[in-house]
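Student: My questions concern the predicted model and sequence given below.
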Amino acid sequence: DQQVKQNSPSLSVQEGRISILNCDYTNSMFDYFLWYKKYPAEGPTFLISISSIKDKNEDGRFTVFLNKSAKHLSLHIVPSQPGDSAVYFCAAKPSGGSYIPTFGRGTSLIVHP
Amino acid sequence: KAGVTQTPRYLIKTRGQQVTLSCSPISGHRSVSWYQQTPGQGLQFLFEYFSETQRNKGNFPGRFSGRQFSNSRSEMNVSTLELGDSALYLCASSQGPEADTQYFGPGTRLTVL
């Protein structure tokens, strides 16, 4: 049973528009969430994270929103650029302790020029 | 600061052989985790090491093993290779088991023929 779900395997967006990647989780113990970006033939790169004490975290063009009651988070990229084309993984874990993050299966984002 | 390094980057083996993959964490990071990535399956957790001790283990058969050295470098070994072991093997390091964010290496692409 997948505890972290990224229901859209792929997303196509025009350059300059907003990209919204979604992630749902089922485990109530999860209170720390991360997004990673992965290019082909490279390892995932940490992008942005959010703790459950917040509902929004922003870093440049990237913003993560957390809706704890819905067990849902989303990553917004504004404006989208062709270089953002990659696979994005959502991950979740209980904060602290020796907890291993659980990853979603990823969403492949393609940004068209 | 240098990132996580993994060697070799690519490897081709035949069924029944064994393989050893190596990971050097970011300097100062003492926790190392290993993941297997296959198409459509996201990142599957293999094991985590801290201070030369395995702290967590994923749901993989005993053919998959690992170890960590006193300098925090880690190796993973897969014995009696099967076709299904073909995957990208990723190593991630963090400052310690209490840290929430892991940083990934580029991975080792293993192909089993």
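Tutor: Perfect, thanks for sending it.
Student: Look up how far chain B lies from A:Ser12.
Tutor: Separation of A:Ser12 from chain B (C-beta to the nearest C-beta, to the nearest Å): 18 Å. Yep, even glycine has a C-beta here, placed from its N, CA and C like the rest.
Student: go on, A:Pro40?
Tutor: A:Pro40 is 10 Å from chain B, where distance means C-beta to the nearest C-beta.
Student: Close to chain A: what parts of chain B are there?
Tutor: Counting by C-beta under 8 Å from any C-beta of the partner chain, chain B comes close to chain A at B:4, B:6, B:33, B:35, B:40-43, B:45, B:48, B:50, B:55-56, B:58, B:90-92, B:97-98, B:100-107, B:109.
Student: For B:Glu75, name its beta-bridge partners.
Tutor: B:Ser22, B:Arg67 (DSSP bridges).
Student: repeat for B:Val32
Tutor: Going by DSSP bridges, B:Val32 forms beta bridges with B:Tyr49, B:Ser93.
Student: Settle this for me: it is touching B:Gly96, isn't it.
Tutor: No. Between B:Val32 and B:Gly96 there is no contact under C-beta atoms under 8 Å: 10.8 Å.
Student: which residue ranges form the strands in chain B?
Tutor: Using DSSP state E, the strands of chain B run over residues B:5-7, B:10-13, B:19-24, B:31-37, B:43-50, B:53-57, B:64-68, B:74-78, B:87-94, B:103-104, B:108-112.
Student: next one: the shortest one to chain centre, how far?
Tutor: For strand B:103-104, the separation from the chain centroid amounts to 11 Å (computed by C-alpha atoms, centre = their mean, to the nearest Å).
Student: Strand partners (parallel or antiparallel) of that strand?
Tutor: According to DSSP bridges, strand B:103-104 has these partners: strand B:87-94 (antiparallel).
Student: Could you list the residues in contact with the strand it pairs with?
Tutor: Counting contacts by C-beta atoms under 8 Å, 6 or more residues apart in numbering or on different chains, the residues outside strand B:87-94 that touch it are A:43-44, B:4, B:6, B:21, B:23, B:25-26, B:29, B:31-38, B:43, B:46, B:72, B:74, B:76, B:100-105, B:107-110.
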